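Asker: predicted model, plus sequence, below.
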Amino acid sequence: MVNRQFFFNHIAQTSPAPPALEIKGAKGVYLYGADGKKYIDLISGIAVSNLGHSNAKVVNAIKRQLEKHSYLMVYGEYIVTPQIDYATALIAHLPKNLNNIYYVNSGSEAIEGALKLAKRYTGRTEIIAFKNAYHGSTHGALSVMGDEVMKQAFRPLLPDVRFLTFNDENNIDAITDRTACVLVEPIQGEAGVVVPHKDFLQKLRKRCSQTQTLLVFDEIQTGMGRTGRLFAFEKYKVVPDILCLAKAFGGGMPLGAFISSKEIMSKLSHDPVLGHITTYGGHPLSCVAGAATLKEIVSKKMHLSADKKGQLFKKLLKHPKIKEVRGEGLLLAVQFSTEEETKNVIARCVDNGVITDWFLFNSSAMRIAPPLIISDKEIRHACSVILDSL
């Protein structure tokens with residue numbers, strides 16, 4: 001009771017009625033409440049815990065690094081071995097043009113860095129994003145959020161930002177030689193897992209190349225194996241000029257990155273010097289956790305099994321009240337008719353030991369994004385709870 005009272009009185013609240021679950025421990029796909037109740041985690045802390053909770057290899061990597069050192073110096077000044085090790089492993093799985101990594105602390109920071117880099121490299125000011133896109137809550141990231149309700153109280157924001165409609169090819173000619181970058185989620189997350197129509201991303205890529213506009217992919221939710229590939233751009237065979245990562249990228253630790261070519265990224269090093277800077281970006285503990293996560297996902301081919309597991313969810317979640325189950329891999333949305341119905345189902349699921357969630361820009365859909373390690377048996381149990389809750 002003391003913790004609950006302190007939470008509401010002294011921890012800044014982000015919504016009027018948070019669920020306020022008190023979790024005392026977590027292991028694998030399970031969370032354990034202070035009252036001893038056991039929950040299956042179907043949201044992975046919003047696509048963060050791709051390896052589940054308390055993964056032994058990630059924990060041991062952090063412990064080993066902590067015995068050497070933690071923080072040393074503001075990012076980019078010292079050679080920090082965990083940063084080098086993670087970058088080496090990551091670049092091996094990326095296209096040749098994505099070979100230069102700038103580590104930050106979060107997804108919002110990755111977006112901020114990418115926007116600055118695009119403006120600096122192109123010398124242009126216009127930024128194009130998409131309606132119902134979510135890219136973070138800092139001022140720059142908020143400026144490219146495709147929802148007015150979330151940002152109207154914080155204006156003025158960045159000028160010269162335009163919004164197109166995702167999957168509408170008729171919009172593409174709006175990208176011109178004054179556009180610095182086009183920022184897009186390859187799969188729109190908070191819109192309720194909206195997948196791209198055939199060739200939409202390819203046509204977006206072609207138009208950006210024609211106008212020498214930088215194409216920026218926000219893979220903060222979709223990266224690190226969630227969609228059935230290590231990165232969603234592989235699934236759609238489109239290579240961005242700048243790639244933004246965070247969430248699962250840090251293996252449960254605070255870490256993000258924006259990644260581009262050496263040529264493009266070098267623009268931040270001069271005129272002015274320190275064109276972008278961060279104190280804790282690429283923290284050694286975060287980098288070893290992220291590197292251990294990447295190694296585990298790749299070595300066990302978890303990204304490749306995500307498609308099969310996602311198909312099992314789609315197969316099992318059949319019910320007259322479920323209008324659709326859509327998505328790629330283990331990034332799924334269960335579509336209901338109304339917001340009230342969705343929130344009632346989510347509440348009943350939590351009561352019955354399964355944690356799900358809704359989407360910022362589609363409140364009538366329920367989020368399913370469990371750790372990649374979830375077993376078929378656990379999927380079947382979770383689905384039975386969802387169906388019972390209906």
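Answerer: Okay, I see it. Numbers count the residues shown, from 1 in each chain.

Asker: mind checking the end-to-end distance for stretch 163-177?
Answerer: Stretch 163-177 stretches 16 Å from its first residue to its last (C-alpha to C-alpha, to the nearest Å).

Asker: tell me the mean pLDDT for it?
Answerer: Averaging pLDDT along stretch 163-177 yields 97.

Asker: now swap in stretch 74-82 and tell me
Answerer: Stretch 74-82 comes out at a mean pLDDT of 89.

Asker: equivalent analysis for stretch 280-292, please.
Answerer: So the average pLDDT for stretch 280-292 ends up being 97.

Asker: run the chain-centre distance for that stretch.
Answerer: 17 Å (C-alpha atoms, centre = their mean, to the nearest Å).

Asker: same deal with stretch 226-235?
Answerer: With C-alpha atoms, centre = their mean, you get 12 Å for stretch 226-235.

Asker: again, but for stretch 79-91
Answerer: With C-alpha atoms, centre = their mean, you get 21 Å for stretch 79-91.

Asker: could you dump it to CSV, C-alpha only?
Answerer: Provided in CSV are the C-alpha atoms of stretch 79-91 (Å, rounded to 0.1, in the frame of the first residue of the first chain):
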residue,chain,number,x,y,z
ILE,A,79,37.4,4.6,-27.5
VAL,A,80,34.9,2.4,-25.6
THR,A,81,35.3,-1.3,-26.4
PRO,A,82,31.7,-2.3,-25.8
GLN,A,83,30.6,0.3,-28.3
ILE,A,84,33.1,-1.0,-30.9
ASP,A,85,32.1,-4.6,-30.2
TYR,A,86,28.4,-4.0,-30.7
ALA,A,87,28.9,-1.9,-33.8
THR,A,88,31.1,-4.6,-35.3
ALA,A,89,28.5,-7.2,-34.7
LEU,A,90,25.6,-5.0,-35.9
ILE,A,91,27.3,-3.7,-39.1
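
Asker: look up phi and psi at the closest residue to Arg348 other than its chain neighbours.
Answerer: Nearest residue to Arg348, sequence neighbours excluded (C-beta to C-beta, 6 or more residues apart in numbering): Ser389, at 3.7 Å. For glycine as for every other residue, the C-beta is placed from the backbone atoms N, C-alpha and C. Main-chain torsions, Ser389, degrees, to the nearest 10: phi -70, psi -20.

Asker: what's around Ser389, how many residues?
Answerer: 17 (other C-beta atoms under 10 Å).

Asker: now His10
Answerer: Around His10 there are 7 residues (other C-beta under 10 Å).

Asker: show me the shaky parts of the chain.
Answerer: 1-2 (pLDDT under 70).

Asker: helices of that one, start to end?
Answerer: 2-10, 44-47, 56-68, 81-91, 107-122, 139-143, 148-151, 200-210, 232-236, 262-265, 284-299, 302-316, 339-351, 376-389 (DSSP state H).

Asker: of all the residues in the second one, which ones are buried?
Answerer: Of the residues in helix 44-47, 44-45, 47 count as buried by neighbour count, 16 or more other C-beta atoms under 10 Å.

Asker: tell me who's in contact with the spatially most central residue of the chain.
Answerer: The centroid of the chain falls nearest to Gln221 when counting by C-alpha atoms, centre = their mean (2.1 Å). By C-beta atoms under 8 Å, 6 or more residues apart in numbering, the contact list for Gln221 reads 46-47, 185, 187, 189, 247, 331, 369.

Asker: again with Ile368
Answerer: 42-43, 313, 327, 330, 332-334, 356.

Asker: show me what it is bridged to.
Answerer: Leu332 (DSSP bridges).

Asker: span of stretch 243-255 from start to end?
Answerer: 14 Å.

Asker: correction: stretch 263-272
Answerer: End-to-end distance (C-alpha to C-alpha), stretch 263-272: 16 Å.

Asker: ok, and what's touching that stretch?
Answerer: 100, 102, 116-117, 120-121, 214, 241-242, 275-276.

Asker: now, which of those sits nearest Val385?
Answerer: Ile242 (40.2 Å; C-beta to C-beta).

Asker: what's the neighbour count on the closest one?
Answerer: 28.

Asker: what of the one 10 residues further on?
Answerer: Around Gly252 there are 25 other residues, counting by other C-beta under 10 Å.

Asker: could you find the closest non-adjacent residue to it?
Answerer: Using C-beta to C-beta, 6+ apart, the closest residue to Gly252 is Ser49 (5.8 Å).

Asker: contact partners for Asn132?
Answerer: With C-beta under 8 Å, 6+ apart, Asn132 has these contacts: 146-147, 166, 188, 190-191, 194, 361-362.

Asker: tell me the domain ranges of this structure?
Answerer: The chain breaks down into these domains under automatic domain parsing: 2-54+302-389, 57-299.

Asker: run the chain-centre distance for the first one.
Answerer: Read that as domain 2-54+302-389. 16 Å.

Asker: what sits opposite the closest residue to Ser260 other than its chain neighbours in the beta ladder?
Answerer: Excluding the flanking residues, the one nearest Ser260 by C-beta to C-beta, 6+ apart is Ile242, at 4.7 Å. Counting by DSSP bridges, Ile242 is bridged to Val216.

Asker: so Glu169 sits against Phe200, correct?
Answerer: Yes. Look at Glu169 against Phe200 with C-beta atoms under 8 Å: they come within range, at 6.4 Å.

Asker: between these two, which has more neighbouring residues?
Answerer: Phe200 (20 against 13).

Asker: give me the nearest residue to the more buried one, chain neighbours excluded.
Answerer: Asn167 (5.3 Å).
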